[in-house]
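In: My questions concern the predicted model and sequence given below.
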Amino acid sequence: MNKPLSILAVYIITAVSADESEPNIEEICRFVAPGTTILRPNTCEQWVRCPTAFGAADYDDGSCVYGLYFNKDTGRCESIENVNCPYESNIVKNRCASKKTGSFLPHPTNCKSYIYCQNGKEINATCPNNLIYHPTKVACVYAKQYECELKTFPANANPICKAIPKNKILADTKDCTKYYKCNKDQQLVKLECAEGQSFDYVSSKCVTQKSAICHPLAPELEPESDVCGNADNVHIGYIADEKSCSHYYICNKRANGRPDRKPLHLKCQNEHFFDINTWSCRDRLRVQCYLDRCEGIENGYVNVAGDCTAYAHCKNGVTIKRGKCGEGFNFDERLQICSQQNISYVACKS
């Protein structure tokens, strides 16, 4: 239980030989979704249910009764002849143990052969000529009459793939956008979620980054921005920050035509605001911004967008109070006074 995670990484990153030691239960359960039921390594009849949460210890286990194997893909104990056990080469298997005398079973590794059960023992037999055994008809037939599929597990199967259910997905503990899956050759391959998605450790699915629950060991994801639009409306170029008068984004053009999810986020120099009309950083009084114009002001007064007679009192960069000049007066942000002069700052024009 205390083996370092680097040990399991060996099983994930490389294909392993059949004689390499199998990972233990704790190692496997760290990477599958909570509550996953797996086949206990080096057995055919024993199962283990992983804890219901990462780091928990509420394991559950059991063993199928005599004559049955645990089917890791269905999560049930089933007749031996119906289960493809990846550890069968390590176990002496008698398929006739629970069968009546006179029963016929398909051979697990040879389409031309079959097994006859007599007094609980196996008797191997072979179809004549080029015929193959048909388990449903319980007869030897021509190859064109039946498509034989052997239930064998690859000899060089990855140890993780031997224990987990078919199509079960494992989280990548180093990158929340990636995951592992066993291919048809029972080797672990690394896959990646679609752009804008992350792998959800609990549901074992790729979901939107905002709703994904990453594996507890995976680094926290950098939040992806949606300021550059969506698949139907892609923005390219300079975009004003909807929360700041002085900040802006640069949305780059992507080769795949999708929105830039990690645009540059920049800020104009002091006393300057971003002007979306000219894509420029300009004197703050030459830019009309309807957000809080107290941005960057520690203690002072600023014009109010849309009303040159009004002013806002600023403290630590935010508005704490608003007021209005008397009749016939306009507020002059530069002079910090109410003036009878005609104020024509773009910042306060209606």
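Out: Happy to help now that I have it.
In: Mind telling me what element residue 125 is part of?
Out: strand 121-126 (DSSP states H and E).
In: Please put the alpha-carbon coordinates of that strand into CSV.
Out: Taking only C-alpha atoms (Å, rounded to 0.1, in the frame of the first residue of the first chain), the coordinates of strand 121-126 have been written out as CSV:
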residue,chain,number,x,y,z
LYS,A,121,-13.1,-34.6,-15.7
GLU,A,122,-12.1,-33.2,-19.1
ILE,A,123,-11.5,-35.4,-22.1
ASN,A,124,-10.0,-33.5,-25.1
ALA,A,125,-11.1,-34.4,-28.6
THR,A,126,-10.6,-33.0,-32.1
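In: List the neighbouring strands of that strand plus their orientation.
Out: Here strand 121-126 has these sheet partners by DSSP bridges: strand 113-118 (antiparallel).
In: buried residues in the helix or strand following the strand holding residue 125?
Out: Next helix or strand after strand 121-126 toward the C-terminus (DSSP H and E): strand 132-134. Along strand 132-134, the positions that meet the burial threshold by neighbour count (16 or more other CB atoms under 10 Å) are 132-134. Bear in mind the C-beta positions are built from the backbone N, C-alpha and C, glycine included.
In: residues in contact with strand 132-134?
Out: Applying CB atoms under 8 Å, 6 or more residues apart in numbering, the set of residues contacting strand 132-134 from outside is 106-107, 111-114, 127, 139-143, 145-146, 148.
In: average pLDDT for the biggest strand by length in the chain?
Out: Longest strand of the chain, by residue count under DSSP state E: strand 307-315. Per-residue pLDDT values over strand 307-315 give a mean of 97.
In: May I see the buried residues of it?
Out: 308-312, 314.
In: Excluding sequence neighbours, find me the nearest residue to residue 199.
Out: Leaving out its chain neighbours, the residue that sits closest to residue 199 by CB to CB, 6 or more residues apart in numbering is residue 179, at 4.5 Å.
In: and that neighbour, how many neighbours?
Out: The number of residues packed near residue 179 is 24, by other CB atoms under 10 Å.
In: what does the one 3 residues further on give?
Out: Around residue 182 there are 21 other residues, counting by other CB under 10 Å.
In: coming back round to it: need the buried ones from the contacts of strand 132-134 selected in PyMOL.
Out: With 16+ other CB under 10 Å as the burial test, the buried ones among these are selected in PyMOL as follows:
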select buried, resi 106+107+111+112+114+127+140+146
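In: so of the contacts of strand 132-134, which ones are in strands?
Out: By the criterion of DSSP E, membership of those in strands covers 106, 113-114, 139-141.
In: Which single one of those is nearest to residue 283?
Out: Using CB to CB, residue 106 is the member of the ones in strands among the contacts of strand 132-134 that lies nearest residue 283, at 85.3 Å.
In: and residue 297, what pLDDT?
Out: Reported pLDDT at residue 297 in the predicted model: 96.
In: Take the buried residues of strand 132-134 and write them to a markdown table, including distance to residue 340.
Out: Supplementary listing: the buried residues of strand 132-134 in a markdown table, determined by distance: CB to CB, whole Å:
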| residue | distance to residue 340 |
| --- | --- |
| 132 | 105 |
| 133 | 107 |
| 134 | 105 |
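In: Next, work out how far apart residue 292 and residue 274 are.
Out: 14 Å (CB to CB, to the nearest Å).
In: Neighbour count: the two, which is higher?
Out: Between residue 292 and residue 274, counting by other CB under 10 Å, residue 274 is the more crowded of the two (24 against 17).
In: Report the contact partners of that one.
Out: Taking CB under 8 Å, 6+ apart, we find residue 274 in contact with 238, 240-241, 245-248, 268, 280-281, 287.
In: for residue 347, same thing?
Out: When contacts are counted by CB under 8 Å, 6+ apart, residue 347 is found next to 284-289, 293, 302-303, 305, 333.
In: follow-up on the earlier one: which of the contacts of residue 274 are buried?
Out: When neighbours are counted using 16+ other CB under 10 Å, the contacts of residue 274 contain these buried positions: 238, 240-241, 245-248, 268, 281, 287.
In: Please produce JSON lines containing those, extended by pLDDT.
Out: What follows is these, written out as JSON lines (pLDDT from 0 to 100):
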{"residue": "238", "pLDDT": "96"}
{"residue": "240", "pLDDT": "95"}
{"residue": "241", "pLDDT": "96"}
{"residue": "245", "pLDDT": "97"}
{"residue": "246", "pLDDT": "97"}
{"residue": "247", "pLDDT": "97"}
{"residue": "248", "pLDDT": "97"}
{"residue": "268", "pLDDT": "97"}
{"residue": "281", "pLDDT": "97"}
{"residue": "287", "pLDDT": "97"}
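In: out of these, who's nearest residue 65?
Out: For the buried ones among the contacts of residue 274, the closest approach to residue 65 (CB to CB) belongs to residue 241, at 66.1 Å.
In: mind giving me the domain ranges of the protein?
Out: Using automatic domain parsing, the domain parsing of the chain gives 91-152, 229-284, 299-348.
In: For the stretch 251-350 of the chain, which segments count as strands?
Out: Ranges of strands within the stretch 251-350 of the chain are 264-267, 272-275, 280-283, 299-304, 307-315, 318-324, 330-332, 337-339, based on DSSP state E, counting those that start in this stretch.
In: which one of the ones you listed lies closest to residue 155?
Out: Across the strands of the stretch 251-350 of the chain, closest to residue 155 is strand 264-267 (CB to CB), at 52.0 Å.
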